[in-house]
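In: Attaching a predicted model along with its sequence, questions to come.
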Amino acid sequence: MPDRHRPVPSRIAVLVSGSGTNLQALLDRIGADAGFGGEVVVVGADRDGIAGLARAEQAGIPTVVQRLADHPDRPTWERALRADLERYRPDVVVLAGFMKILSGAFLAGWSGRVINTHPSLLPAFRGAHAVREVLEHGVKLTGSTVHLVDEEVDHGPIVAQRAVAVHPDDDEDRLHARIKAVEHALFPECVGWLCRGQLEVTGRTVNVRPDPHERTPTSPSPTDTPDGP
Ligand code: GRF
């Protein structure tokens, strides 16, 4: 295990709308990696009674809920959600199956620090029904995309992608389950890069810099020295 002397970990807010398996994958990853460089400080949702919130409560993480229906309009709802998150001073906002579109007004101040996972190979099949539309279209290869969030839906600079083959007998649930299995490894990896300041964005291109806090040996240890001739 590399010796990483990190500064203060990034404070992560996670937004969920459903089962929260990606939230769980992130929590598990953080729990297993002392050098992850981030900690989840709040989980927000746009609805009550979802498994995603139960997972947060189980992990002892504070939750906030703002339902659109409880507000006169979208901007008011967004301001309330944003204010709830801001109380926890997040450095990074993670959209883990959050099913509402967020405006530029919400994203302002967190530019380049909001990250989303989408179940298709973007830019193909944007939107809320990507897995179903992949099947309807007869696509043979789909996958998982992690991207930084901008004002357009499923559009911001792509951080990483993994392909998943579509099987002839797939239905939406089966295919989505295989995509999620890929997301559960890929998304926490990308969130870690963002938390550790490793993402370098130039226009639409994202490069991953080496982890500045990962200590690599400067000289080989005596046991690594090869035997002489
Ligand atoms: C994931 O497939 C994600 O790509 C999409 O919504 C799904 C959320 O799943 N945006 P879960 O709530 O994390 O289980």
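Out: Received, thanks.

In: In terms of helix, strand or coil, where does V191 fall?
Out: Classification of V191 using DSSP: H, G, I helix; E, B strand; the rest coil returns helix.

In: Alongside the ligand, which residues does this structure contribute?
Out: Contact residues, the chain versus the ligand (C-beta under 6 Å from any ligand atom): 16, 18-22, 52, 96-97, 117-119, 180, 183. Yep, even glycine has a C-beta here, placed from its N, CA and C like the rest.

In: Format these as CSV; extra columns: secondary structure.
Out: Output for the residues of the chain next to the ligand, formatted as CSV (three-state DSSP):
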residue, secondary structure
V16, strand
G18, coil
S19, coil
G20, coil
T21, helix
N22, helix
G52, helix
A96, coil
G97, coil
T117, strand
H118, strand
P119, coil
K180, helix
E183, helix
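
In: In the chain, which residue sits nearest the ligand?
Out: Closest to the ligand within the chain is G97: 2.5 Å, counting by C-beta to the nearest ligand atom.

In: Student question: in the protein, what's the helix or strand with minimum average pLDDT?
Out: For the chain, scoring each helix and strand by mean pLDDT, DSSP states H and E identifies helix 104-107 as the least confident one, at a mean of 96.

In: Give me the packing partners of that one, helices and strands only.
Out: Helix 104-107 sits against helix 74-86, with contacts defined as 3 or more C-beta pairs under 8 Å, 6 or more residues apart in numbering; DSSP states H and E.

In: For the helix it packs on, output the C-alpha coordinates as PDB.
Out: Extracted C-alpha coordinates of helix 74-86, given in PDB (Å, rounded to 0.1, in the frame of the first residue of the first chain):
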ATOM      1  CA  ARG A  74     -37.900  24.600 -10.200                       C
ATOM      2  CA  PRO A  75     -35.600  27.500  -9.400                       C
ATOM      3  CA  THR A  76     -37.000  27.700  -5.800                       C
ATOM      4  CA  TRP A  77     -36.500  23.900  -5.500                       C
ATOM      5  CA  GLU A  78     -32.900  24.100  -6.800                       C
ATOM      6  CA  ARG A  79     -32.100  27.000  -4.500                       C
ATOM      7  CA  ALA A  80     -33.400  25.000  -1.500                       C
ATOM      8  CA  LEU A  81     -31.400  21.900  -2.500                       C
ATOM      9  CA  ARG A  82     -28.300  23.900  -3.100                       C
ATOM     10  CA  ALA A  83     -28.600  25.700   0.300                       C
ATOM     11  CA  ASP A  84     -29.000  22.300   2.000                       C
ATOM     12  CA  LEU A  85     -25.800  21.000   0.500                       C
ATOM     13  CA  GLU A  86     -23.900  24.200   1.100                       C
END
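
In: contacts for it?
Out: For helix 74-86, the surrounding residues in contact (C-beta atoms under 8 Å, 6 or more residues apart in numbering) are 13, 42, 44, 46, 64, 66-68, 70-71, 93, 102-103, 105-106.

In: Tell me which stretches of the protein form strands.
Out: 10-16, 38-45, 63-65, 92-95, 114-118, 141-148, 158-165, 199-202, 205-208 (DSSP state E).

In: what angle separates the second one from strand 10-16?
Out: Going by axes from the mean of the first three to the mean of the last three C-alpha atoms, to 10 degrees, strand 38-45 is angled at 30 degrees with respect to strand 10-16.
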